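starting from these lines, generate the structure:
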Amino acid sequence: MALPPSQPAPGAHTSPAGGRGASYAPALTLLASLFFMWGFITVINNTLLPHLKSVFDLNYTQTTLIESVWFIAYFVASIPSAKLIERIGYQKSLVTGLLVMAAGAAGMTLAASLPSYGVTLVMLFVIASGITLLQVAANPYVTVIGPPETGSSRLNLVQAFNSLGTTLAPIFAGYLILGRSVGGTTQGRVLTPAERLADAQSVILPYVLVAIVLVVLAVVIARFPLPAIGQSTQRVTREERKRLSLWKHRNLVFGVPAIFIYLIAEIGVANLFINFVSSPDIANVTQEQASHYLALLWGGMMVGRFAGSLIMQKIPAETVLAGFSIGAFVVMLGATFLTGPAAMWSLILVGLFHSIMFPTIFSLGIKGLGPLTEEGSGLLIMAIAGGALVVVQGWLADRYGLQTSFLLTVVCELYILFYAVWGAKTTNALPEPEVVAAE
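Below you'll find the predicted structure:
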């Protein structure tokens, strides 16, 4: 995962510090591990949802409501996270976010021991709140520590490691959760109370391991000399906020709903993927086997982000985003109207086309915000709450059928195309924040 010390990351910024050149590649390397972990934990949910569906005997609406609670945390915690970053800085905020996530992961072991649907919801909310703080801090940090013209390329690079985490998580959780549970290795039968208890407790080991890794990563980041946003810039920020308006920046105004709508598409596909692929008229496999195909979906996102990071060094980010949104639109039509393996592979391919969407929309959304970067970042991360509307797709699946519900995703891709073509154009650009290299 490490970036070679002699080769700065795409767009890695160098700045004189005490007469010497200072590379930000080491900071990007560490942040890549951070992106990996929150991607890993988020996608464990995709495996956890079908697991909880069988443990608590839930319908699609009730199952997707669990994920809605996760994304409601983004709406609740984003603005407080932005305020916390202003108060304690980026580095301490990253450490705090990791420790909050670790507390939630530890709490999941309690939820599994009871087992309790209510405690599960609370602990997932806690984990998501920690991830929200990380997102508000890390995404703009990566974007602004290098040249503005390569911000999208740089963010896609570290987000590729996020996708590495999302690729490995289904394999990890498929083996340690679905592979060790009755509901994950059988099809079409109601579990006995004893089987439900045993299945619920199968999540204890994975979350214990996750909690330990998060605490270790928090200690490492706390001791690492991360480059800091200059104090002079922070003072200017507080003064200028009184007379500057976020709403004069078209790229942000249309970027917030773009993130919101994109998340509806991404989370709807990911959370219903295992149920879709395991359906008799699609692939007719067990949920454990379907989780392996889910790894291919997230693997496509990883490949797409590495490729996108390179492509965007030559081609404008808006153009690349438009091309990928057209590709996503086409394959989602295939997933909706085809059957058998063709429908399954169409849904897998959407991961490749979704890959660059979040980091590219985010970097385009905060471009030119200058002293307003933290607030703009908070709004964009708040828009991740769009994932909570996956419950709408769950309702559509219950009412009209699981495959038909993907028409919602098709419509979402069209808005992303609109944003790429027109909404992402920067207006009223302000000077970028000053960055000071750590000694």
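
dump the residue contacts of Gln62.
By Cβ atoms under 8 Å, 6 or more residues apart in numbering, Gln62 lies in contact with Lys53, Phe56, Gly394. Quick note: C-beta positions are derived from backbone N, CA and C, even for glycine.

any regions of the stretch 151-300 of the chain where pLDDT drops low?
Scanning the stretch 151-300 of the chain for pLDDT under 70 picks out the ranges 178-193, 196-197, 199-200, 228-242.

quick one on the thing from earlier: now, the contacts of Gln62 that are in helices?
If you go by DSSP state H, the contacts of Gln62 have Lys53, Gly394 in helices.

list just the nearest of the contacts of Gln62 to Phe172.
Lys53 (19.4 Å; Cβ to Cβ).

relative to Val126, how far out is the closest one?
Using Cβ to Cβ, to the nearest Å, Lys53 is found at 22 Å from Val126.

one more: Ile221?
19 Å.

what of Ala73?
Taking Cβ to Cβ, one finds Ala73 at 8 Å from Val126.

in the stretch 1-150 of the chain, what spans have low per-residue confidence?
Along the stretch 1-150 of the chain, segments meeting pLDDT under 70 span 1-23, 45-47, 49-50.

strands along that one, start to end?
Secondary structure of the stretch 1-150 of the chain, counting by DSSP state E, counting those that start in this stretch: strands at 14-17, 20-23.

again, but for the stretch 301-439 of the chain
Counting by DSSP E, counting those that start in this stretch, one finds strands in the stretch 301-439 of the chain at the ranges 435-436.

now swap in the stretch 151-300 of the chain and tell me
Using DSSP E, counting those that start in this stretch, the strands of the stretch 151-300 of the chain run over 228-229.

quick one: the helices in the stretch 301-439 of the chain, in order.
Secondary structure of the stretch 301-439 of the chain (DSSP state H, counting those that start in this stretch): helices at 317-337, 340-354, 357-366, 373-382, 390-400, 407-418.

export these to JSON lines and tack on mean neighbour count, distance to Pro140 and mean pLDDT?
Shown next, in JSON lines, are the helices of the stretch 301-439 of the chain (neighbours: other Cβ atoms under 10 Å; distance: least, Cβ to Cβ, whole Å; pLDDT from 0 to 100):
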{"stretch": "helix 317-337", "mean neighbour count": "20", "distance to Pro140": "16", "mean pLDDT": "97"}
{"stretch": "helix 340-354", "mean neighbour count": "21", "distance to Pro140": "21", "mean pLDDT": "96"}
{"stretch": "helix 357-366", "mean neighbour count": "28", "distance to Pro140": "6", "mean pLDDT": "95"}
{"stretch": "helix 373-382", "mean neighbour count": "24", "distance to Pro140": "4", "mean pLDDT": "88"}
{"stretch": "helix 390-400", "mean neighbour count": "19", "distance to Pro140": "26", "mean pLDDT": "89"}
{"stretch": "helix 407-418", "mean neighbour count": "20", "distance to Pro140": "21", "mean pLDDT": "97"}
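
tell me which of the ones you listed sits nearest to Glu266.
Closest to Glu266 of the helices of the stretch 301-439 of the chain, according to Cβ to Cβ: helix 340-354, at 5.5 Å.
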